[in-house]
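Student: Prediction below, plus the sequence it came from.
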Amino acid sequence: MVTKEQLQLAINSVYALNEFEHVDAEFVDLPNGRKLLVTTQEKSWGPDYLNFGFDLQTDFSYRTIIALDFAYSQNNISRYGGKWLNEAKLGWEFMLASEFYQPLVENQHYFSRARIEYSQDKWERTTERAELSNEYFKANVSVGYNYANNGAVEFGFISEKGELSFNNIEETSLDYDSLGGYLSFDYDNLNSINFPTQGNKFSFNIFWRNENYQEFDGITPNDTSVEVTFDWRGALSFKSHAFVAIASLATVDNKTDFSVHVTELGGFLNLSGYQKDALIGSHKVFIAVVYQYDLSRELFDDDSLPLYLGTSAEAGNVWTLAESVKVGDMITSASLYLGTDTSFGPAVFGVGFASGGRRSVFLSLGKSF
């Protein structure tokens with residue numbers, strides 16, 4: 001017997017395709033039994049979509065980070081429903097990317113993906129390091145299998161060529177390139193990325209790279225590395241109460257103590273008391289527990305547009321060397337925020353606090369890519 005909750009999850013999975021304005025479902029009695037009939041109405045503004053996002057974070061001093069994100073997607077442009085996605089990010093960091101996704105069979109279980117990207121990642125100066133910037137071109141091609149409506153496994157090849165700049169007293173730079181492969185395993189049935197009340201989002205990735213660096217003191221010209229990342233976010237709810245758990249791990253195993261492929265901490269629900277990407281290193285541990293209360297029924301006597309008051313308890317850190325990873329070095333953080341899902345995407349305003357007296361304010365509207 002199909003429960004009301006199972007039926008709603010099925011409808012949500014169809015909505016998740018981002019192609020329909022309205023989805024309806026009903027049971028029809030047939031001679032051979034009851035069948036579920038799903039009817040859909042395509043979005044009147046499709047099949048091409050323009051999404052945008054705005055993000056602002058500040059630590060109450062001179063550090064203010066602003067980002068504008070844009071994405072334009074063209075759907076059903078080839079046989080079996082190909083998708084061409086173009087993205088741009090402007091502000092503190094810069095990115096231009098173009099990606100083509102092509103299902104290989106009619107049921108879309110198998111697919112291929114090709115992506116090219118130009119980015120400039122930046123990390124502000126701290127007492128421990130100079131300002132850093134990484135300007136690079138990256139390209140990857142892959143094939144994959146959608147083992148479920150919400151999950152996929154993907155194997156591909158990736159290449160990268162860039163320049164890492166150290167902006168200290170005298171600016172220096174380091175040219176590098178890498179070539180390798182990757183394997184990713186993903187599952188996502190969260191009903192919202194920022195304010196979920198049910199579901200799980202799971203991602204496991206392995207990258208193998210052969211890396212070449214220009215001659216530089218203390219850096220081996222040729223290296224091989226294995227990078228492993230794991231991210232999980234799960235949610236459950238009871239009436240107006242929702243609980244979310246977050247875990248994120250990352251590590252790089254290579255011959256030397258240097259790698260341009262770093263992981264970051266800092267930002268909303270990612271060590272909230274710190275600015276976005278304030279902490280960088282080759283190894284990361286992060287965990288968090290989030291509580292959300294839906295205020296919409298009390299304030300508006302209507303739960304069609306949820307309004308969440310949330311708080312989080314977080315702990316994590318990043319390390320440059322694997323042997324220096326210690327649980328005792330974990331940084332604690334917390335946040336208090338107000339957020340909702342709008343027609344433009346998630347909107348959130350909040351403050352974060354971290355051990356050592358650090359604090360930050362975050363404000364975002366729309367999808368962040």
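Tutor: Structure's in. What do you need? Numbering: from 1, shown residues only.
Student: where do the strands sit along the stretch 201-350 of the chain?
Tutor: Secondary structure of the stretch 201-350 of the chain, counting by DSSP state E, counting those that start in this stretch: strands at 222-238, 241-254, 263-265, 279-281, 283-294, 308-319, 331-342, 345-354.
Student: what does the stretch 1-150 of the chain give?
Tutor: In the stretch 1-150 of the chain, the segments counted as strands under DSSP E, counting those that start in this stretch are 20-30, 33-42, 48-58, 64-75, 83-91, 94-103, 110-123, 131-148.
Student: if we can go back for a sec, with distance to Phe204 and mean neighbour count as added columns, please give the strands of the stretch 201-350 of the chain in a markdown table.
Tutor: Any C-beta I mention is one placed from the backbone N, CA and C, and that applies to glycine too. Output for those, formatted as a markdown table (distance: least, C-beta to C-beta, whole Å; neighbours: other C-beta atoms under 10 Å):
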| stretch | distance to Phe204 | mean neighbour count |
| --- | --- | --- |
| strand 222-238 | 5 | 16 |
| strand 241-254 | 10 | 18 |
| strand 263-265 | 14 | 21 |
| strand 279-281 | 20 | 20 |
| strand 283-294 | 14 | 19 |
| strand 308-319 | 18 | 20 |
| strand 331-342 | 25 | 18 |
| strand 345-354 | 25 | 19 |
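Student: Among those strands, single out whichever gets nearest to Ser272.
Tutor: strand 345-354 (2.9 Å; C-beta to C-beta).
Student: could you point out where the protein is predicted with low confidence?
Tutor: By pLDDT under 70, the weakly predicted segments of the chain are 1-22, 41-47, 59-62, 126-129, 168-171, 218, 301-304, 343-344, 367-369.
Student: Could you spell out which stretches of it belong to which domain?
Tutor: Using automatic domain parsing, the domains assigned to the chain come out as 1-44, 51-366.
Student: okay, these, which one's buried deepest?
Tutor: domain 51-366 (a mean of 17; mean count of other C-beta atoms under 10 Å).
Student: Quick check: bridge partners of Val23?
Tutor: Beta-bridge partners for Val23, by DSSP bridges, are Thr40.
Student: In this structure it contacts Val38, no?
Tutor: Yes: counting by C-beta atoms under 8 Å, Val23 sits close enough to Val38 to count as a contact (6.8 Å).
Student: Can you pull the phi/psi pair for Gly273?
Tutor: Gly273 adopts backbone torsions of phi -70, psi -10, taken as degrees, to the nearest 10.
Student: Who are the contact partners of it?
Tutor: By C-beta atoms under 8 Å, 6 or more residues apart in numbering, the contact list for Gly273 reads Ser333, Ala334, Ser335, Gly352, Phe353, Ala354, Ser355, Arg358, Arg359, Ser360.
Student: Need the nearest residue in space to it, chain neighbours excluded.
Tutor: What sits nearest to Gly273 in space, not counting adjacent residues and going by C-beta to C-beta, 6 or more residues apart in numbering, is Ala354, at 2.5 Å.
Student: And Ala278, by the same measure?
Tutor: Using C-beta to C-beta, 6+ apart, the nearest residue to Ala278 is Gly266, at 3.6 Å.
Student: how much space between that neighbour and Tyr291?
Tutor: As for Gly266, its distance to Tyr291 is 22 Å (criterion: C-beta to C-beta, to the nearest Å).
Student: and the strands of the stretch 1-150 of the chain as TSV, adding distance to Leu305?
Tutor: Output for the strands of the stretch 1-150 of the chain, formatted as TSV (distance: least, C-beta to C-beta, whole Å):
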stretch	distance to Leu305
strand 20-30	17
strand 33-42	21
strand 48-58	19
strand 64-75	23
strand 83-91	28
strand 94-103	31
strand 110-123	34
strand 131-148	30
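Student: Out of the ones you listed, the one nearest Ala315 is which?
Tutor: Closest approach to Ala315 among these is made by strand 48-58 (19.9 Å; C-beta to C-beta).
Student: what helices or strands is the closest one leaning on?
Tutor: On a contact count with 3 or more C-beta pairs under 8 Å, 6 or more residues apart in numbering; DSSP states H and E, strand 48-58 meets strand 64-75, strand 358-366.
Student: Please render the ones you listed as CSV that adds distance to His283 to the earlier fields.
Tutor: Converted to CSV, these look like this (distance: least, C-beta to C-beta, whole Å):
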stretch, distance to His283
strand 64-75, 24
strand 358-366, 21
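Student: right, so of those, which gets closest to Thr229?
Tutor: Using C-beta to C-beta as the criterion, the shortest distance between Thr229 and these is 21.6 Å, found for strand 64-75.
Student: Compute the inter-axis angle for that closest one and strand 94-103.
Tutor: Counting by axes from the mean of the first three to the mean of the last three C-alpha atoms, to 10 degrees, strand 64-75 points 30 degrees away from the direction of strand 94-103.
Student: What angle do strand 83-91 and strand 64-75 make with each other?
Tutor: Orientation check (the same axes, to 10 degrees): strand 64-75 against strand 83-91 gives 170 degrees.
Student: what lines up beside strand 64-75 in the sheet?
Tutor: Looking at strand 64-75 with DSSP bridges, its paired strands and their directions are strand 48-58 (antiparallel), strand 83-91 (antiparallel).
Student: what angle sits between it and strand 110-123?
Tutor: Taking the same axes, to 10 degrees, one finds that strand 64-75 is oriented at 160 degrees with respect to strand 110-123.
Student: Quick one: residues in contact with strand 64-75.
Tutor: With C-beta under 8 Å, 6+ apart as the test, strand 64-75 has contacts from 19, 46-58, 81, 83-93, 275-276, 366-369.
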